[in-house]
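>>> Next comes the sequence, and after it the predicted model I'd like to discuss.
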Amino acid sequence: MKPAAAILVAFVACFPAVTAHAAEIVVEARPGALAAALETTASGDVLRLSPGAYKGPIVIERPLTLRGEGAHIEGPGTGTVIVVDAPDVTVSSLRVTGSGSSHETLDSGIKLTQKAARAVIEDNIVTGNLHGIDVHGAADAQVRRNTITGRDDHRMNARGNGIYIWNAPGVVVEDNSVRLGRDGIFVNTSHNDSFYRNRFSELRFAIHFMYANGAEIAGNVSTGNHLGYAVMYSRHIRMSGNVSDGDRDHGIMLNYANDAAIERNLVRDGGKKCLFMYNANRNRIADNRFERCPIGIHFTAGSERNAISGNAFIGNRTQVKYVGSKRHDWSEEGRGNYWSDHAAFDIDGDGIADQPFRPNDRMDEVLWTQPAAHLLVGSPAVQLIRWAQREFPALLPGGVVDTAPLMQPVPLNEGSPS
């Protein structure tokens with residue numbers, strides 16, 4: 001053996017792999033047993049908690065796995081119950097309760113600090129804490145298959161979030177169930193994260209983004225929340241195959257959201273608006289279904305250069321609300337959208353209606369800007385104005401026009417919600 005190789009072998013022998021010493025340690029539900037095990041365990045060990053109750057708070061300061069079947073870690077009602085302060089930690093199959101109520105310290109059931117890169121938080125029941133899981137700077141963490149139930153003992157805006165993510169790039173959040181609390185998932189100043197197949201109910205927002213770029217949101221379901229998916233001050237968001245069912249205000253809100261792809265989502269039975277776009281630019285809104293909302297899309301505040309095609313607007317009381325003089329063509333490369341209230345013909349059978357569709361007219365603009373005018377909506381004068389606009393399209397104002405409306409709604413792609 002060459003001298004250099006011999007030196008390398010000797011060096012490696014002095015530092016054996018962590019997994020060579022990994023052990024599985026059973027921890028009994030006795031006072032002080034968990035704290036003692038955390039003090040003495042080696043990196044890579046597995047701590048298996050026996051069924052029973054364990055007192056928190058606890059701090060994990062080395063790479064290990066903490067797993068329990070029927071184990072309950074209960075905090076004292078102050079601070080955070082479990083703090084992960086080391087990389088490559090797994091916390092699995094625990095029941096976690098008893099955090100404090102301080103928003104200043106972000107009291108949580110489980111908190112991942114900036115040191116907790118690549119943490120895995122899975123299959124836990126996290127109940128009655130201020131925040132459920134706080135991913136606070138832990139890059140590439142995974143949060144999956146947890147059941148998180150927040151609190152309802154404060155007004156909604158004063159509650160904590162089910163999953164709070166701050167400055168934690170590369171996080172994957174999937175297959176969790178979140179109810180009660182403030183927002184199901186709140187993402188603040190964190191980029192390139194992924195959110196798959198989570199379910200949300202009884203919340204303010206299901207998913208709420210602030211200053212978060214490059215995220216993917218796919219296959220999630222929001223039911224009966226105040227708002228489904230709120231994307232604010234964020235860029236390059238990819239949202240596909242999600243459902244908003246019966247959310248009180250908006251199914252999807254884009255507020256200062258730019259360069260997003262919003263595709264193959266289903267929004268139905270919303271209380272106010274299926275989609276609200278406020279100063280949202282250069283977005284692609286394609287192949288979605290907006291059904292049975294008072295307003296299909298409210299499009300306002302200078303939103304520009306958006307590509308809107310292939311969508312189905314079905315049974316909305318008002319398909320589009322837009323007030324402005326600029327003309328917006330909602331078709332792309334000869335393909336527009338389906339409008340359930342468009343009485344159209346297709347003589348050549350190409351699937352495109354023979355006449356353009358204008359979802360709003362001059363009277364809509366008057367009614368939105370002067371609400372008192374609703375008293376006249378059934379009057380002969382209003383009906384005459386609308387008849388004249390239909391017969392003489394040159395009288396119509398600027399605004400939204402679909403120059404290639406579809407004769408049939410496009411089905412949501414295979415793998416998307418139906």
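Thanks, I have the structure now.
>>> Setting aside sequence neighbours, what's the nearest residue to residue 268?
In space, and not counting its chain neighbours, residue 268 is closest to residue 291: 4.1 Å by C-beta to C-beta, 6 or more residues apart in numbering. (Each C-beta comes from the backbone N, C-alpha and C, glycine too.)
>>> contacting residues for the one you found?
By C-beta atoms under 8 Å, 6 or more residues apart in numbering, the residues touching residue 291 are 266-269, 274, 312, 314-316.
>>> same check, this time on residue 112
84, 119, 121, 133-138, 141, 168.
>>> Grab the nearest non-local neighbour of it.
residue 138 (3.7 Å).
>>> Help me confirm that the one you found is found in a strand?
No - the assignment for residue 138 is coil, going by DSSP: H, G, I helix; E, B strand; the rest coil, so no strand is present there.
>>> State the distance from it to residue 344.
Going from residue 138 to residue 344 by C-beta to C-beta, to the nearest Å gives 53 Å.
>>> got it, and residue 36?
75 Å.
>>> Looking at the two, which has the bigger crowd around it?
When neighbours are counted by other C-beta atoms under 10 Å, residue 36 and residue 344 differ, and residue 344 comes out ahead with 14 against 11.
>>> so what pLDDT did the more buried one get?
The predicted local distance difference test score for residue 344 is 80.
>>> From what I see, it and residue 352 are in contact.
No - counting by C-beta atoms under 8 Å, residue 344 sits too far from residue 352 to count as a contact (9.2 Å).
>>> any common contacting residues for these two?
Common neighbours of residue 344 and residue 352 (criterion: C-beta under 8 Å, 6+ apart): 405, 407.
>>> other SSEs contacting the helix or strand residue 252 falls within?
Using DSSP states H and E, the element containing residue 252 is strand 250-255. For strand 250-255, the contact count by 3 or more C-beta pairs under 8 Å, 6 or more residues apart in numbering; DSSP states H and E identifies strand 227-232, strand 266-268, strand 273-278 as packing neighbours.
>>> Including distance to residue 98, mean pLDDT and mean neighbour count, could those go into JSON lines?
Formatted as JSON lines, the entries for the helices and strands packed on strand 250-255 read as follows, by distance: least, C-beta to C-beta, whole Å; pLDDT from 0 to 100; neighbours: other C-beta atoms under 10 Å:
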{"stretch": "strand 227-232", "distance to residue 98": "30", "mean pLDDT": "97", "mean neighbour count": "26"}
{"stretch": "strand 266-268", "distance to residue 98": "37", "mean pLDDT": "97", "mean neighbour count": "23"}
{"stretch": "strand 273-278", "distance to residue 98": "38", "mean pLDDT": "95", "mean neighbour count": "25"}
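>>> how many neighbours does residue 304 have?
Residue 304 has 12 neighbours, counted by other C-beta under 10 Å.
>>> where does it land in three-state SS?
Classification of residue 304 by three-state DSSP places it in coil.
>>> that older thread, average pLDDT for the following helix or strand past the strand holding residue 252, rounded please.
Toward the C-terminal end, the helix or strand that comes next after strand 250-255 (DSSP H and E) is strand 261-263. pLDDT averaged over strand 261-263 equals 97, rounded to a whole number.
>>> Name the surrounding residues that touch strand 261-263.
Counting by C-beta under 8 Å, 6+ apart, strand 261-263 makes contact with 237-240, 252, 254, 275, 283-288, all of which sit outside it.
>>> what lines up beside the strand or helix carrying residue 209 in the sheet?
With elements taken from DSSP H and E, the one containing residue 209 is strand 205-210. With DSSP bridges as the criterion, the sheet partners recorded for strand 205-210 are strand 183-188 (parallel), strand 227-232 (parallel).
>>> quick one on the thing from earlier: so how far is residue 266 from the residue nearest to residue 268?
Between residue 291 and residue 266 the distance is 8 Å, computed by C-beta to C-beta.
>>> Equivalent analysis for residue 244, please.
Per C-beta to C-beta, residue 244 is found 7 Å from residue 266.
>>> still on that earlier bit, the contacts of residue 291 into JSON lines, with extra columns for distance to residue 401?
As requested, those are exported to JSON lines (distance: C-beta to C-beta, whole Å):
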{"residue": "266", "distance to residue 401": "25"}
{"residue": "267", "distance to residue 401": "23"}
{"residue": "268", "distance to residue 401": "25"}
{"residue": "269", "distance to residue 401": "27"}
{"residue": "274", "distance to residue 401": "20"}
{"residue": "312", "distance to residue 401": "18"}
{"residue": "314", "distance to residue 401": "19"}
{"residue": "315", "distance to residue 401": "21"}
{"residue": "316", "distance to residue 401": "17"}
